[in-house]
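> Predicted model follows, preceded by the sequence.
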Amino acid sequence: MNLILLHEKDIINGEVEITGKKLRHIFSYINPSVGDTLKTGILTGLMGEGIVTEINDQKLALTLSMHDTPPPPLHLKLVLAMPRPKVLNRVIQHASAMGIKEIYIIKTWRVEKSYWESPMIEEENLHKQMITGLEQGKDTILPEINIRKRFKPFIEDELPSIIDRSMALVAHPAEQRQCPRDVNSPVTLAIGPEGGFIPYEIDALENIGFNTISLGERILRVETALPLLVGRLF
């Protein structure tokens, strides 16, 4: 935990008391003492420091000084085939930590129907994973996550406007063209499920302007491919 995220409604006259699950979460990462300065941020707002004024098993009291803006977002929109639910948690954490602010989770042919019944896809869990990622990456601005369970309508009706004025790329293991490096323009990146997109899906993406790219001969898990792709692109 590199940042303690707070809700503005809990702050009174520049002070906050942290209790319950959040307090236990902090104790699992930090061993604070009175007088310590902790990195803090207000969800959707500024970042700064909190000086510990009181601490015990029941609460942590901080006096806040908030003066820093959050880091700029990554200029990348992510189109992600729904992965295995446990993998989804890690991918959302990674994406949030890296500064991705627009995520589309979509249905593809190789996505198992049971994945959509998982509690991992529910709003409460997605919010929890985003918060974890923001605290890791020292950011306060939540991504926007959009769930799309119909492939063709999304590709044909929504995606063309989403990719407008961006470099549209789809990661595909069978492609020979390598991922570009040090891109200086916005990117829309599509990543398929384990096993990749099927030919029909690749054709549909290419028909609206996507270029297929590869990371090489190795077949990578989604949670590995995403940070590797971002590192190469930016």
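Cool, the structure landed. Numbers count the residues shown, from 1 in each chain.

> Helix or strand next in line after the lowest-mean-pLDDT helix or strand in the chain, which one?
The helix or strand of the chain with the lowest confidence, counting by mean pLDDT, DSSP states H and E, is helix 20-29 at a mean of 91. Under the assignment DSSP states H and E, the closest C-terminal helix or strand after helix 20-29 is strand 37-42.

> In that following strand, which residues are buried?
In terms of neighbour count (16 or more other Cβ atoms under 10 Å), strand 37-42 has its buried residues at Leu38, Lys39, Thr40, Gly41, Ile42. From N, CA and C alone the C-beta is placed, and that goes for glycine too.

> what kind of secondary structure is Asn89 in?
Going by DSSP: H, G, I helix; E, B strand; the rest coil, the secondary structure assigned to Asn89 is helix.

> Outside of the least confident helix or strand of the chain itself, which residues are in contact with it?
Taking contacts as Cβ atoms under 8 Å, 6 or more residues apart in numbering, the residues outside helix 20-29 that touch it are Met1, Ile4, Ile18, Pro32, Gln58, Lys59, Leu60.

> Return the member of the residues you listed nearest to Asn207.
Out of the contacts of helix 20-29, the one with the shortest distance to Asn207 is Met1. That distance is 44.1 Å, counting by Cβ to Cβ.

> so the closest one makes contact with Gly137?
No. With contact defined as Cβ atoms under 8 Å, Met1 does not count as touching Gly137 (11.0 Å).

> Pick out the most distant pair among the contacts of helix 20-29.
Maximum pairwise distance in those, criterion Cβ to Cβ, is 19.7 Å, between Met1 and Gln58.

> could I get the buried residues of strand 37-42 as a markdown table with distance to Glu123 and pLDDT?
Listed next are the buried residues of strand 37-42 as a markdown table, based on distance: Cβ to Cβ, whole Å; pLDDT from 0 to 100:
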| residue | distance to Glu123 | pLDDT |
| --- | --- | --- |
| Leu38 | 28 | 96 |
| Lys39 | 27 | 97 |
| Thr40 | 25 | 97 |
| Gly41 | 21 | 97 |
| Ile42 | 21 | 97 |
